[in-house]
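S.K.: Sequence and computational prediction follow.
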Amino acid sequence: MSVVLPDKLMLGCQPLLVTLNGHELKSQTLRTLFINLAALKLLRRAGWGEFGLVQNQLKDNIRELLKNIYLNLSIWQSHLVNSYSFGPMTILTVLGNSVVLATAVKRSSLLKSPELLTVNLAVADIGMAISMYPLAIASAWNHAWLGGDVSCIYYALMGFLFGVCSMMTLCAMAVIRFLVTNSSKSNSSKITKNAVRFVITSIWLYSLLWAILPLVGWGYYGPEPFGISCTIAWSKFHNSSNGFSFILSMFLLCTVLPALTIVACYLGIAWKVHKAYQEIQNIDRIPHAAKLEKKLTLVSYLAEKSLK
């Protein structure tokens, strides 16, 4: 980062070095920045033209150092924002989903089959909040990940498990709503609680399978770029065929396919509602058309009588 300064220039910066050592600055970046600024100022005062190349290098150094300081400050600020935002988010998530679960328990005998998926979504959300957010808050305050590789893998596994479970639950909700909307009353009653329970069990097994795969050798878990949380090692997408195949497969089967299914189902529901609305409009037009037909018949009859 820093330029190797000539002896003549280092001699001029010696008072600053003594001052810096006396204050014992903890940041090596700040020490280097101050030395570069002092050397540049000394060059300008002394008018040492023979050090023109060194002067340009000093300017480049100062720009790079200021950029690094700004980035480090931005990361530090983002850690504080995360720590302050995760707290209320955790409380609201736990309280909100607890209300959903309490309501479901209170009226369990009255729950309809599709509503079991809403309960499952609440379980996944509250599980994510309890198992992950406290670690994320503590790491954000620490400005670094707390714990070693084991806690990092645990955090990433929980995030992947509950994340896939939430996505697949939303997908199942969309499919069931589409089936109910596009079927008769007799057929819609065939979606029983046992069928929905089977779907929920399949969702958890599917999510658990994907979460375990990095532990058995396909894919990797690792820290995120800011270093205060862990997730899938996205950097392996370009660095490893193993990571590439896992991330691509996961992206297609756990994100793209469910998302397309959700969009297709709700578009189908919207089209069904649109057709039903058109039918209602046509029914409303029938009396008006009949009245108009009667009036036209009467007018034609009177016109015919008048001609006679």
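M.R.: Everything's here; your move.

S.K.: what about the residue nearest to residue 268 when sequence neighbours are not counted, which helix or strand?
M.R.: Using CB to CB, 6 or more residues apart in numbering and skipping residues adjacent in sequence, the residue nearest residue 268 is residue 178, 5.2 Å away. For the C-beta atoms, the positions are set from N, CA and C on the backbone; glycine is no exception. The secondary structure element spanning residue 178 is helix 149-181 (assigned by DSSP states H and E).

S.K.: which strands and helices sit next to that helix?
M.R.: Contacts defined by 3 or more CB pairs under 8 Å, 6 or more residues apart in numbering; DSSP states H and E place helix 149-181 against helix 115-142, helix 193-212, strand 221-223, strand 230-232, helix 257-307.

S.K.: out of these, deepest packed?
M.R.: Burial among the helices and strands packed on helix 149-181, expressed as mean neighbours by mean count of other CB atoms under 10 Å, is greatest for strand 230-232, which shows a mean of 21.

S.K.: Identify all contacting residues around that one.
M.R.: Strand 230-232 is touched from outside by 145, 152-153, 155-156, 159-160, 214, 219-224, 246-247, 250, with contacts defined as CB atoms under 8 Å, 6 or more residues apart in numbering.

S.K.: can we see that at 7 Å?
M.R.: Contacts made with strand 230-232 from outside it, assessed by CB atoms under 7 Å, 6 or more residues apart in numbering, are listed as 145, 152, 155, 156, 159, 160, 219, 221, 222, 223, 224, 247.

S.K.: May I see those residues organised as TSV, with distance to residue 119 added?
M.R.: Below are the contacts of strand 230-232 laid out as TSV (distance: CB to CB, whole Å):
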residue	distance to residue 119
145	33
152	31
155	25
156	26
159	21
160	22
219	30
221	29
222	33
223	33
224	31
247	31
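
S.K.: any chance of the helices and strands packed on helix 149-181 in CSV, plus mean pLDDT and distance to residue 238?
M.R.: Formatted as CSV, the entries for these read as follows, by pLDDT from 0 to 100; distance: least, CB to CB, whole Å:
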stretch, mean pLDDT, distance to residue 238
helix 115-142, 86, 26
helix 193-212, 94, 21
strand 221-223, 86, 14
strand 230-232, 87, 14
helix 257-307, 71, 23
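
S.K.: so can I have JSON lines of the ones you listed showing distance to residue 165?
M.R.: Output for the helices and strands packed on helix 149-181, formatted as JSON lines (distance: least, CB to CB, whole Å):
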{"stretch": "helix 115-142", "distance to residue 165": "4"}
{"stretch": "helix 193-212", "distance to residue 165": "4"}
{"stretch": "strand 221-223", "distance to residue 165": "17"}
{"stretch": "strand 230-232", "distance to residue 165": "16"}
{"stretch": "helix 257-307", "distance to residue 165": "11"}
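
S.K.: Need the three-state assignment for residue 218.
M.R.: Following DSSP: H, G, I helix; E, B strand; the rest coil, the label given to residue 218 is coil.

S.K.: Going forward, count from 40.
M.R.: Will do, 40 is the new start, and the previous item becomes residue 257.

S.K.: Hmm, it is touching residue 285, no?
M.R.: Yes: taking CB atoms under 7 Å as the contact criterion, residue 257 and residue 285 are neighbours in contact, 5.2 Å apart.

S.K.: more crowded one of the two?
M.R.: The residue with the greater number of neighbours, taking residue 257 and residue 285 and applying other CB atoms under 10 Å, is residue 285; the counts read 22 against 15.

S.K.: Make sure that one is indeed in a helix.
M.R.: Yes: the assignment for residue 285 is a helix, going by three-state DSSP.

S.K.: ok, now which ones touch the closest residue to it other than its chain neighbours?
M.R.: Take residue 285 and drop its neighbours on the chain: the residue closest to it by CB to CB, 6+ apart is residue 258, 3.3 Å away. For residue 258, the contacting residues are 252, 271, 281, 282, 285, taking CB under 7 Å, 6+ apart as the criterion.

S.K.: and if you look at residue 150?
M.R.: Residues near residue 150 by CB under 7 Å, 6+ apart: residue 143.

S.K.: Now do it, the pLDDT please.
M.R.: On the pLDDT scale, residue 150 is placed at 82.

S.K.: do you know how far it is from residue 136?
M.R.: Per CB to CB, to the nearest Å, residue 150 is found 16 Å from residue 136.
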